[in-house]
Every structure is written in structure tokens, then in C-alpha cells.
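# How does the following fold in three dimensions:
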Amino acid sequence: MSNTAQKLGLNIRRLREEKGLLQSDLCKKLRVEAPYLSNIENGNKNPTLLTIEKIAKALGVTVSELTK
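Numbers count the residues shown, from 1 in each chain. Below is the predicted model:
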């Protein structure tokens, strides 16, 4: 997968862990299955912009914080 997808996934994982959330906690907030979020965090899936916005909101950060 692309370097951008990997970077996004690492940022999501880092922010999730900083907030003390398990992957399952974030999945519940987003109403997605664990394999889907796992694939995003591992850089194996390119989420849509809408999904990125939902993740940012669930983590309490801006989209730019996820993508920097």
C-alpha cells in the first residue's frame, strides 16, 4: 500500500493509543468491524474522506492531525 496510507494508519493507531482506546473501542464508536479498522491502521486499506472525518471526530482531533 502507499506510504500515505501507512502514515495515516500509524497516526490513527498512535492517537488511539494515546487516548487509551482499544481498537474495539474505536470500532464501536465508528460502527465498523475490527478487521476493517485493523487494515486501515496497518496501511492496507485506503479509507474514504468521509471515513477519515469520522475517525478524526471519534478521536477528538482534526483531519489534518491524522494526515500530518
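
# only C-alpha atoms for contact and neighbour calcs from this point on.
Noted.

# List the contacts of the residue positioned nearest the centre of the chain.
For the chain, the residue sitting closest to the mean C-alpha position, by C-alpha atoms, centre = their mean, is Ile12 at 3.9 Å. Listed by C-alpha atoms under 8 Å, 6 or more residues apart in numbering, the contact set of Ile12 reads Glu41, Ile55, Leu66.

# secondary structure element for the second one?
Put plainly, it is Ile55. Per DSSP states H and E, Ile55 falls inside helix 49-59.

# Please point out which parts of that helix sit buried.
Neighbour-count burial for helix 49-59 flags Ile52, Glu53, Ile55, Ala56, Leu59 (criterion: 16 or more other C-alpha atoms under 10 Å).

# quick revisit: what helix or strand does the residue nearest to the centre of the chain sit in?
Using DSSP H and E, Ile12 falls within helix 3-18.

# Give me the distance between the closest residue to Leu37 other than its chain neighbours and Asn3.
Nearest non-adjacent residue to Leu37, counting by C-alpha to C-alpha, 6 or more residues apart in numbering: Cys27, 6.9 Å away. The spacing between Cys27 and Asn3, counted by C-alpha to C-alpha, to the nearest Å, is 23 Å.

# Mind listing what's buried along the worst-scoring helix or strand of the chain on mean pLDDT?
Counting by mean pLDDT, DSSP states H and E, the chain has its least confident helix or strand at helix 63-67, which shows a mean of 92. By 16+ other C-alpha under 10 Å, the buried positions in helix 63-67 come out as Leu66, Thr67.

# could you say what helices and strands it packs with?
helix 3-18, helix 49-59 (3 or more C-alpha pairs under 8 Å, 6 or more residues apart in numbering; DSSP states H and E).
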